Structures are given as C-alpha cells and as structure tokens.
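# fold the following, please.
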Amino acid sequence: MEAIGERAPGYQGRVGACWYWRLPGGILVTFALNYSVTEQRWDILEAEAATPRAGIFNAASFPFAAYGTLVTSPPFIHDLDGEAEWANRLYFQTGYLIEDAIRWLSVLTAAILDPQVQPPASFPQLTALECELVHHALNALNGHFQIKALHAAFGDRISQRELSRLAQRWEDAQLLTEAPRRVTVALRVLAETYAS
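Sure, this is the predicted structure:
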C-alpha cells in the first residue's frame, strides 16, 4: 500500500485496518484487506470510493489469486548453492496489483465530473485553446504537459508565462500530475466534454 501511495496522489496513510486516499472533488477512497473463504486467511484487497453527496459510488476488488504465479509452475527452485526448495505455491506478483490499483485510482478522478458525484460547477470550463492544448499533449506528447513543446506548437496564441500559470493552476486542482506533469483522466474528460 505504501508503494501505491508513493505513485498515486492523495495518499493519507493507514488508520486502523484501512488505507486512505483523498482525491479531488471530495472523494474519499479506502482500501482494506478481506477474506473470501475463511477469516484466518486474508486473500483479497477491497477498495471503495465515496463522497458525502453520493455515498459509495464505486468499488473494486483485487483478489490475490489473480496476482499469483500459476500453480503449474515448476515445483522446485534451486538457490545459488544448489539447494532445492519446495516452491509449488503461489508467488504474489505485487507489481501487477500496484499497477491495477493506481489505474483504478486515476480512473476515479474522472468520476468527479459526474453530476451525481460532484457538481460540474466545481471544475473549470475549458476554453477552445485549452482543449487544444490538452489534445496536443495527449496525441503528440504522449500525455506529458511539457511547457516548451506546447509553447512551440501554440506560441502564436499563448505565451510561455501564461502556459506555466495554466499548468500550475491545473496541477493545484489535481488535473495535472506533479512533475513531470501529465494529463489526468479528469482533465481528458473535461477537454472532451467542452470540445464537443
């Protein structure tokens, strides 16, 4: 959970049996260990997202079996000294779980634009130029919001100083990630909403 917290903004830490994230738009996310078969064996990580207005509006389950190696993997592992060790058991591949949890957290930020979850007035209405900047960052810069590259493409319409201010404003609103700045799912949705 600490590894997820290092890469997913809004991590608040652990309180009791849960780990918490505070996302834009008043979304509170909790992760907790649970069991699907027996109380003595935690085998699933469950997450919920809630707001005061909507209550719990999204949930995700990350069963440990989905992140294990195959049971049919070789039954023995040999160490450097040639000692054989019984290894016919699931090895937990945390990297995939971490990636899935981060992806789920980033997708939640798009939900803050849903009127059921948060009033749309809480978020800035993008101008046509701002939508173009976002689309250019997504299509030409692989999602990176790079001031110099954007200024090279749009310098006749916006100054580098204005671009820097806009990027800082969007970063403060968590519509861009911290440096190196990248377009979030929420900003992408905003750009698509106002472009259409």
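# low-confidence ranges, the chain, go.
For the chain, residues meeting the criterion pLDDT under 70 lie at 69-92, 111-124, 194-196.
# ranges for the strands of it?
Listed from the start of the chain, the chain has strands (DSSP state E) covering 11-15, 18-23, 27-34, 44-51, 55-63, 76-78, 84-86.
# residue 131: which of those is closest?
Between residue 131 and these, the shortest separation by CB to CB is 23.1 Å, and it involves strand 18-23. The C-beta positions use only the backbone N, C-alpha and C, and glycine is treated the same way.
# list of residues touching that closest one?
With CB atoms under 8 Å, 6 or more residues apart in numbering as the test, strand 18-23 has contacts from 1, 5, 8-14, 28-32, 49, 105, 108-109, 112, 174.
# list the contacts of residue 167.
Residues counted as contacts of residue 167 (CB under 8 Å, 6+ apart) are 145, 147, 176, 181.
# please name the nearest non-neighbouring residue to the second one.
Leaving aside its sequence neighbours, residue 147 sits nearest to residue 163 (CB to CB, 6 or more residues apart in numbering; 5.1 Å).
# what about that neighbour, how many neighbours?
When neighbours are defined as other CB atoms under 10 Å, residue 163 has 19 of them.
# please name the residues that touch residue 42.
Neighbour list for residue 42: 33-35 [criterion: CB under 8 Å, 6+ apart].
# I'd like the contacts of residue 167 as a markdown table, with neighbour count appended.
Shown next, in a markdown table, are these (neighbours: other CB atoms under 10 Å):
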| residue | neighbour count |
| --- | --- |
| 145 | 27 |
| 147 | 14 |
| 176 | 24 |
| 181 | 19 |
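# of all these, which two lie farthest apart?
Pairwise distances among the contacts of residue 167 were taken by CB to CB; the largest, 11.1 Å, belongs to 147 and 176.
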